[in-house]
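In: Provided below for reference: sequence and predicted model.
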Amino acid sequence: MAFTHPAHAWHGCRSWCHTQASFDELAFLRLWHDWSADAQRPTHLHVVAHTEQPLQADALLSAAASHPALRDLAQQLAAQCWGLLPGLHRLRFALSPTGDDCLALTLCVGAHASWPEFAHLLRAHPTGPCQMPSDTAALHARTVTIIGAGIAGAGTARALAERGWQVTVLDAGAAPAAGASGLPVGVVAPHTSHDDSGVSRLSRAGLRYMEQTMRSRLIEGVDWGCTGVRERRLPGKTRRGGVPLSWLGEHAHTANDWTRKAPPPAPDDAYWHPRGAWLRPVQLVRALMNHPNIRWQGNAKADALRRVDTQWQVLQGHTVLAESARVVLAAGPGSAALVATATEDGSSPRINPLRGQISWGLMADVPHASNGSPMPATPVNGHGSFVHNITSPDGPAWYTGATYDRINSDARLLDVDHAENLERLQALEPDTAAALAPLFATVGSDAPRVHGWAGVRCGVHDRLPMTGRVWNAPEGLYMNTAMGSRGLTLGLLCGELLAAQWHGEPLAIEARLAQFLDATRFKPKA
């Protein structure tokens, strides 16, 4: 069945949805072409479609070969047709560098009988303008204040700015990413499990969204690198290693795009994530905040929220830092205290601080090994992580960590954490740890060759983010926080999820996965 729409029906709409019960690649490409050529197009076009089998890049390119106007679009679509396991996948295509004009293909893969929510999704988003949720109050102006300028805050700010919101971002730091998102280098990789748990599925959606964003906004090889990541499944981990059995059988070809057993000479407990990447998060935060609809204000330590008529005020003492129709809390461990100033009974969710310290040094200081390089070819994770040859102001550097400290809640550097990072590295990469041990021996001396960075993450007891409305506060207060150690994987996805919910757009993840993240999930039962 082809896409059909009345001429100019979407004019005057900010967002528009097209549904297709069975994906037709040529009809989709024609719609994309018509939308991109229309000066009065909606800024966000959502296409929701179902397919029994994953899309094949070669088949797409072949279908478009006799249609010159569609060839470039077909190549862009083919480039994203990887890892389409059964489930829901969001493919994004932007017309401009700002991303304000965006086409999102929400592709449902698998048999109808196995995924009944696909039918519900098609019914919930019929062809036509995206409808604002009925339980959300109407707004006279699209203004929002976001408290916190880490990955979650910047991602939320960007998602809303691209939809026309005037966004003010407040942060206690002097520059964006002054908190936990300021770590020098991080690793982005999918979570896997035998039962393909909700966390595993969320991590894949998050990684796909992160890769799309990094490719469009950052310089590969400088700000990030799609090098792949090798994961070790070491004894003592709290979850069982491995992948679903279907990944070894019927879905092996597609699953290999995400995760597969690492080939020799890797250890037997090692898995390979070909789409894994390293990232300098500060660079991503800065790129996300670079939008004309976003206003940044640093050195702004908010300590209270107040609802006045239809507006929210963000206060520092008696000073009003910002005023807007809505507020999103993305302030890490400080989010709970701000919630308590706004709820009817002064309550707030229990958000626990989780301090982490990274150890790092210069590649020039690494002793040469007699039997060749002791460094792994790619980033490694599984018991902390190790990344090397990353550009720094002082030259190429290596990074390892981070620790998980539930006792200390400040960002001071601790010598004992350097020792812990070396111990983790000894389990993860023994040869690398042996080569770096002389450098770690200088910790605490007058001329240390190992340096550190520390930040305070936060999480809740089920280790999932809290995204959505604050349940016992007046209308207009939301959260996107408690990312724990998964902020690099889930932070941007959660910001996009919140923006889509505000606008009645199709979600980038299955509805049941969105419920796992709902900030109201700890609401007391009546």
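Out: That came in fine, so what should we check first? Since we're looking at a predicted model, the values are computed, not measured.

In: Show me which helix runs longest in the chain.
Out: The longest helix of the chain (DSSP state H) is helix 198-217.

In: Report the distance from that helix to the chain centre.
Out: Averaging C-alpha positions (Cα atoms, centre = their mean, to the nearest Å) puts helix 198-217 6 Å from its chain's average.

In: Show me the strands in the stretch 351-500 of the chain, by range?
Out: Along the stretch 351-500 of the chain, the stretches classed as strands by DSSP state E, counting those that start in this stretch are 352-362, 380-381, 385-390, 397-401, 451-459, 466-469, 477-481.

In: Pull out the buried positions in the lowest-mean-pLDDT helix or strand in the chain.
Out: Least confident helix or strand of the chain, by mean pLDDT, DSSP states H and E, is helix 117-124 with a mean of 85. Going by neighbour count (16 or more other Cβ atoms under 10 Å), the buried part of helix 117-124 is Phe118, Leu121, Leu122, Ala124. Just so you know, the C-beta spots here come from the backbone N, C-alpha and C atoms, and that holds for glycine as well.

In: so what does the helix or strand just after that helix touch, helix or strand wise?
Out: Sequence order places strand 128-129 as the next helix or strand after helix 117-124, per DSSP states H and E. Applying 3 or more Cβ pairs under 8 Å, 6 or more residues apart in numbering; DSSP states H and E, one finds that strand 128-129 contacts strand 15-20.

In: CA atoms only: put the strand it packs on into PDB for me.
Out: C-alpha atoms of strand 15-20 as PDB (Å, rounded to 0.1, in the frame of the first residue of the first chain):
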ATOM      1  CA  SER A  15       4.400  18.100  12.800                       C
ATOM      2  CA  TRP A  16       2.700  15.500  10.600                       C
ATOM      3  CA  CYS A  17       2.300  11.700  10.700                       C
ATOM      4  CA  HIS A  18       2.000   9.200   7.900                       C
ATOM      5  CA  THR A  19       1.200   5.600   8.600                       C
ATOM      6  CA  GLN A  20       1.700   2.600   6.400                       C
END
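
In: Pairing partners for it, with directions?
Out: Here strand 15-20 is paired, per DSSP bridges, with strand 44-51 (parallel), strand 128-129 (antiparallel).

In: Now do the last one: distance to the chain's middle.
Out: For strand 128-129, the separation from the chain centroid amounts to 28 Å (computed by Cα atoms, centre = their mean).

In: what's downstream of that strand, the next helix or strand?
Out: Next element after strand 128-129 (DSSP H and E): strand 143-147.

In: Show me which residues of the next helix or strand after that next one are buried.
Out: Using DSSP H and E, the helix or strand that follows strand 143-147 towards the C-terminus is helix 151-161. Residues of helix 151-161 classed as buried: Ile151, Ala152, Gly153, Ala154, Gly155, Thr156, Ala157, Arg158, Ala159, Leu160, Ala161 (neighbour count, 16+ other Cβ under 10 Å).

In: ditto for stretch 336-346
Out: Applying 16+ other Cβ under 10 Å to stretch 336-346 flags Ala336, Leu338, Val339, Ala340, Ala342, Thr343 as buried.

In: Only alpha carbons, please: show that stretch as PDB.
Out: What follows is stretch 336-346 as a C-alpha-only set of coordinates in PDB (Å, rounded to 0.1, in the frame of the first residue of the first chain):
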ATOM      1  CA  ALA A 336      15.400  15.700  44.300                       C
ATOM      2  CA  ALA A 337      15.900  18.800  46.400                       C
ATOM      3  CA  LEU A 338      14.300  21.000  43.700                       C
ATOM      4  CA  VAL A 339      11.400  18.700  43.400                       C
ATOM      5  CA  ALA A 340      10.800  18.900  47.100                       C
ATOM      6  CA  THR A 341      10.300  22.700  46.800                       C
ATOM      7  CA  ALA A 342       7.500  22.300  44.300                       C
ATOM      8  CA  THR A 343       5.500  19.300  45.400                       C
ATOM      9  CA  GLU A 344       2.300  19.600  47.500                       C
ATOM     10  CA  ASP A 345       3.700  17.700  50.500                       C
ATOM     11  CA  GLY A 346       7.400  18.500  50.100                       C
END
